[in-house]
Every structure is written in structure tokens, then in C-alpha cells.
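Visitor: below are the sequence and a predicted model; questions follow.
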Amino acid sequence: MFKRIGIIALTLASLLAGPSTAMAQAPCECIDIVMTRMYSDATHTVQVGYISGYCSWNGVQYQLFGTYTYFQVDEVIGSCGCGPIE
């Protein structure tokens with residue numbers, strides 16, 4: 001009887017410990033942060049706004065400053081979340 005309870009306890013302990021060790025060994029996930037510059041026309045001479053990214057608790061967040069246009073140039077300015085996935 002006591003042997004069976006010990007086996008059940010060890011099985012439960014290994015099930016509970018299993019996911020935490022697997023999560024600690026998970027690969028890193030990096031997400032690029034992009035700066036999008038908005039221009040007044042296709043010549044890209046007058047910048048009228050930009051979208052800037054930043055890291056937050058929920059990943060990468062973006063915010064528009066100025067005016068949104070369809071004449072855009074993207075540039076990677078960094079990365080976010082380059083650590084173990086939790």
C-alpha cells in the first residue's frame with residue numbers, strides 16, 4: 001500500500017517538474033522593432049510622420065507620430081524579447 005502511494009507521489013512530482021525544466025530550455029524568440037518613416041510623396045524628400053516601436057510587457061508596441069501616408073520606408077532599429085520564452 002505504501003509502495004503504491006510512493007509511486008503515485010513520484011509520478012505526480014515528475015509531471016509537475018517536467019514542464020518547468022522544458023520551459024527553462026526553450027529557445028529565444030527575438031522580434032525586430034521597426035521604424036517606419038512617412039513621406040509626403042514618392043520622392044521621399046519631406047518626412048511628415050513616423051511609426052516608432054518599443055518593447056512592452058505584451059511584446060512590441062507601435063505608436064504613430066505625425067501623419068500616416070502610403071509613402072513609407074521601413075528600418076529595423078532593434079529587437080525585443082531576446083530572452084527565454086516564459
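Guide: Arrived safely. These numbers were taken from a predicted model, which means no experiment stands behind them.
Visitor: mind listing the helices for the protein?
Guide: Under the criterion DSSP state H, the chain contains helices at 2-24.
Visitor: low-confidence ranges in it?
Guide: Screening the chain residue by residue with the criterion pLDDT under 70, one finds the ranges 1-28, 83-86.
Visitor: in it, what residue spans correspond to strands?
Guide: Remark: strands assigned in the chain by DSSP state E are 31-39, 47-56, 59-66, 71-80.
Visitor: would a markdown table of the ones you listed with mean neighbour count be doable?
Guide: Placement of C-beta: from N, CA and C, glycine included. Below are the strands of the chain laid out as a markdown table (neighbours: other Cβ atoms under 10 Å):
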| stretch | mean neighbour count |
| --- | --- |
| strand 31-39 | 17 |
| strand 47-56 | 15 |
| strand 59-66 | 12 |
| strand 71-80 | 13 |
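Visitor: so residue 65 versus residue 82, what's the distance?
Guide: Distance of residue 65 to residue 82, computed by Cβ to Cβ, to the nearest Å: 26 Å.
Visitor: which residues touch residue 71?
Guide: With contacts taken as Cβ atoms under 8 Å, 6 or more residues apart in numbering, residue 71 has the following neighbours: 38, 39, 40, 41, 42, 44.
Visitor: bridged to the nearest residue to it once chain neighbours are set aside, which residues?
Guide: Spatial nearest neighbour of residue 71, chain neighbours left out: residue 39 (4.2 Å); criterion: Cβ to Cβ, 6 or more residues apart in numbering. Beta-bridge pairing of residue 39 under DSSP bridges involves residue 47, residue 71.
Visitor: do the same with residue 31
Guide: Here residue 31, judged by DSSP bridges, has bridge partners residue 80.
Visitor: these two touch, right, it and residue 59?
Guide: Yes - counting by Cβ atoms under 8 Å, residue 31 touches residue 59, with 6.2 Å between them.
Visitor: beta partners for residue 62?
Guide: Under DSSP bridges, the residues paired with residue 62 across the bridge are residue 53.
Visitor: please save the CA atoms from stretch 51-61 in CSV.
Guide: Extracted as CSV, the C-alpha positions of stretch 51-61 are listed here (Å, rounded to 0.1, in the frame of the first residue of the first chain):
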residue,chain,number,x,y,z
ILE,A,51,5.7,55.0,-36.6
SER,A,52,8.1,54.0,-33.8
GLY,A,53,8.2,50.7,-31.9
TYR,A,54,9.2,49.9,-28.4
CYS,A,55,9.2,46.8,-26.1
SER,A,56,6.5,46.3,-23.6
TRP,A,57,5.2,43.5,-21.4
ASN,A,58,3.0,42.3,-24.3
GLY,A,59,5.8,42.3,-26.9
VAL,A,60,6.4,45.1,-29.4
GLN,A,61,4.1,48.0,-29.4
